[in-house]
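Trainee: Coordinates for the following, if possible.
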Amino acid sequence: MIRAVLPVALLALVLSGAAPRAQPVPADEFEAFSAGRTLYFTRDGQPFGAERFLPGRRTLWRFDGGPCLDGAWHAEGDRICFAYADDPGAQCWRFLRDGARLRAVLVEQGVETGFSLDFSHADKAPLDCPAPDVGA
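Mentor: Numbers count the residues shown, from 1 in each chain. Down below sits the predicted model:
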């Protein structure tokens, strides 16, 4: 009897709108979490990139297997926006907490695009930034 009731109860909870929703991470919490750490991200289960968070809201981004890019971040409402040396135009993300899961959703002109990254893990190790054109 419990097996039959539990799925119906869960469905009723979802349909009632009472199911928990992913919540944006406020900028102060994001800064406290990321400061002095390297955060690693995946997309569709595959390594995507990592970002080192330095003092003064400066960052160092590296696509998986790519070169490192100097950047900086700032908050715009519930979004965290990044600008990099190679493209100073800001790219904004909404960092969402869904239980223990953290993901970043790209936002363009205030609208979520559907492109998202999953937070994999963090550590205090410096970002591995190989020198350009080594061995060339």
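Trainee: residue ranges with poor pLDDT in the protein?
Mentor: Applying pLDDT under 70 to the chain flags the ranges 1-20, 131-136.
Trainee: Next, please give the residue ranges for the strands of it.
Mentor: Remark: strands assigned in the chain by DSSP state E are 23-24, 38-43, 46-54, 58-63, 68-76, 79-84, 87-98, 101-108, 111-123.
Trainee: list the contacts for His74?
Mentor: His74 is in contact with 57, 80-81, 90, counting by Cβ atoms under 8 Å, 6 or more residues apart in numbering. Quick note: C-beta positions are derived from backbone N, CA and C, even for glycine.
Trainee: neighbours around Pro55, how many?
Mentor: Look at Pro55: counted by other Cβ atoms under 10 Å, it has 7 neighbours.
Trainee: can you check Asp64 too?
Mentor: Asp64 - counted by other Cβ under 10 Å - has 13 other residues nearby.
Trainee: and if you look at Ala85?
Mentor: 10.
Trainee: what does Ala27 give?
Mentor: 18.
Trainee: if you skip the residues just before and after it, what's nearest to it?
Mentor: Ala75 (3.5 Å; Cβ to Cβ, 6 or more residues apart in numbering).
Trainee: thought the one you found was touching Cys81?
Mentor: Yes - at 7.3 Å, Ala75 counts as touching Cys81 under the criterion of Cβ atoms under 8 Å.
Trainee: before we move on, the earlier item: now the strands of the chain as a markdown table including distance to Ala32?
Mentor: Shown next, in a markdown table, are those (distance: least, Cβ to Cβ, whole Å):
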| stretch | distance to Ala32 |
| --- | --- |
| strand 23-24 | 15 |
| strand 38-43 | 13 |
| strand 46-54 | 11 |
| strand 58-63 | 15 |
| strand 68-76 | 13 |
| strand 79-84 | 13 |
| strand 87-98 | 13 |
| strand 101-108 | 14 |
| strand 111-123 | 12 |
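Trainee: still on that earlier bit, which single one of the contacts of His74 is nearest to Phe30?
Mentor: Closest approach to Phe30 among these (Cβ to Cβ): Ile80, at 5.7 Å.
Trainee: which ones are touching the closest one?
Mentor: Going by Cβ under 8 Å, 6+ apart, Ile80 touches 27, 30, 73-74, 92-95, 104.
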